[in-house]
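J.: sequence below, structure please.
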Amino acid sequence: KAVKLNCDMGESFGSWQMGNDEVVMPWIDMANIACGFHASDPDIMSDTVKHAVGCGVTVGAHPGYNDKMGFGRRPIPHSSDNIKHLVAYQVGALDAICQQHGTRVKYIKPHGALYHEMMNNPDVFEAIVIAAANMDIKPALMIQAMGNNEQHQKTADRYLVPLIYEAYADRAYDDSGLLVSRSEPGAVHQDSAMILQQVEDLLSGEIKTAQGNRLKLKADTLCVHGDNPESIALIKKVHQLLRSIDSSS
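T.: Predicted structure coming up:
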């Protein structure tokens, strides 16, 4: 099946602008829209949903910790119930706005520190899965594709929550399937040719790790970021590459 592009969207707040949503939206398939805790506000949420609908882009919720000062990138201790309520509150708010524009939230992709906690802490992962399972919209959950997601899949299957596996075209992976820390040299690919090669490798289901080995990695979607002119140009190239492969298969 076709691999889709997803991008974090709607992360402005009031008069403060973040990202280039207007330019990026036509080139992606899935918009992860901030829900007001780490970024955004009701008006920006509504404008972003409206734009996504106009471009035929699927809407997903992008909930995070309640931490605008830290942009949701700082881990905050929460109980499992706290996590369930945190996610349900934000997804519910975005879904209510979606209904004003004739659509619904189709999936959840946690943001920042909450995403990393989800991938590293089974209790946090299960709490988010339970929150999704209890919603009437029955959203899927987007998580990081790794070398081995067996335990994540088992937990999601237990609650009948579909998983969407995402990968990163511009990040280096280690042999265990984890992203190389940004503090390490070479963790983020800067060369467009290298990024496009990794996209092709991801489509084949196997990529080269930072250690030079081959890692099997199956992804349903690729995460892209459009926060500068160079990244926007790259998104267009990745979009065109995916479409050319789709048309030839």
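J.: may I see the buried residues of stretch 65-80?
T.: In terms of neighbour count (16 or more other CB atoms under 10 Å), stretch 65-80 has its buried residues at 65, 67-68, 71-72, 75, 78. For every residue, glycine as well, the C-beta is placed using N, CA and C.
J.: packing partners of the lowest-mean-pLDDT helix or strand in the chain?
T.: One helix or strand of the chain scores below all others by mean pLDDT, DSSP states H and E: helix 229-248, with a mean of 82. The contact analysis (3 or more CB pairs under 8 Å, 6 or more residues apart in numbering; DSSP states H and E) places helix 229-248 against strand 4-9, helix 21-24, helix 192-204, strand 221-224.
J.: now it - C-alpha only, PDB.
T.: As requested, the backbone C-alpha atoms of helix 229-248 are provided in PDB (Å, rounded to 0.1, in the frame of the first residue of the first chain):
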ATOM      1  CA  PRO A 229      12.300  26.900   2.800                       C
ATOM      2  CA  GLU A 230      14.800  24.000   2.400                       C
ATOM      3  CA  SER A 231      12.600  21.500   4.200                       C
ATOM      4  CA  ILE A 232       9.600  22.600   2.200                       C
ATOM      5  CA  ALA A 233      11.500  22.000  -1.100                       C
ATOM      6  CA  LEU A 234      12.500  18.600   0.200                       C
ATOM      7  CA  ILE A 235       8.800  17.700   1.100                       C
ATOM      8  CA  LYS A 236       7.900  18.400  -2.500                       C
ATOM      9  CA  LYS A 237      10.700  16.100  -3.700                       C
ATOM     10  CA  VAL A 238       9.600  13.300  -1.300                       C
ATOM     11  CA  HIS A 239       6.000  13.700  -2.300                       C
ATOM     12  CA  GLN A 240       6.900  13.400  -6.000                       C
ATOM     13  CA  LEU A 241       9.100  10.400  -5.300                       C
ATOM     14  CA  LEU A 242       6.300   8.600  -3.500                       C
ATOM     15  CA  ARG A 243       3.800   9.400  -6.200                       C
ATOM     16  CA  SER A 244       6.200   8.200  -9.000                       C
ATOM     17  CA  ILE A 245       6.700   4.900  -7.100                       C
ATOM     18  CA  ASP A 246       2.900   4.500  -6.600                       C
ATOM     19  CA  SER A 247       2.200   5.100 -10.200                       C
ATOM     20  CA  SER A 248       4.700   2.600 -11.400                       C
END
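J.: hmm, who's touching it?
T.: Outside helix 229-248, the residues that touch it by CB atoms under 8 Å, 6 or more residues apart in numbering are 2-3, 5, 7, 20, 23-24, 27-28, 169-170, 192, 195-196, 199-200, 203, 222, 224-226.
J.: ok and it relative to helix 192-204, angle-wise?
T.: 40 degrees (axes from the mean of the first three to the mean of the last three CA atoms, to 10 degrees).
J.: chain center to helix 229-248, what's the gap?
T.: Here helix 229-248 shows a centroid-to-chain-centroid distance of 18 Å under the convention CA atoms, centre = their mean, to the nearest Å.
J.: buried stuff in it?
T.: For helix 229-248, by 16+ other CB under 10 Å, it's 231-232, 234-235, 238-239, 242.
J.: now swap in stretch 23-33 and tell me
T.: Neighbour counts over stretch 23-33 (16+ other CB under 10 Å) mark 24-25, 27-33 as buried.
J.: which members of those are the farthest-apart pair?
T.: 27 and 33 (16.2 Å; CB to CB).
J.: just the angle between the least confident helix or strand of the chain and strand 4-9, please?
T.: Angle of helix 229-248 versus strand 4-9, following the same axes, to 10 degrees, is 150 degrees.
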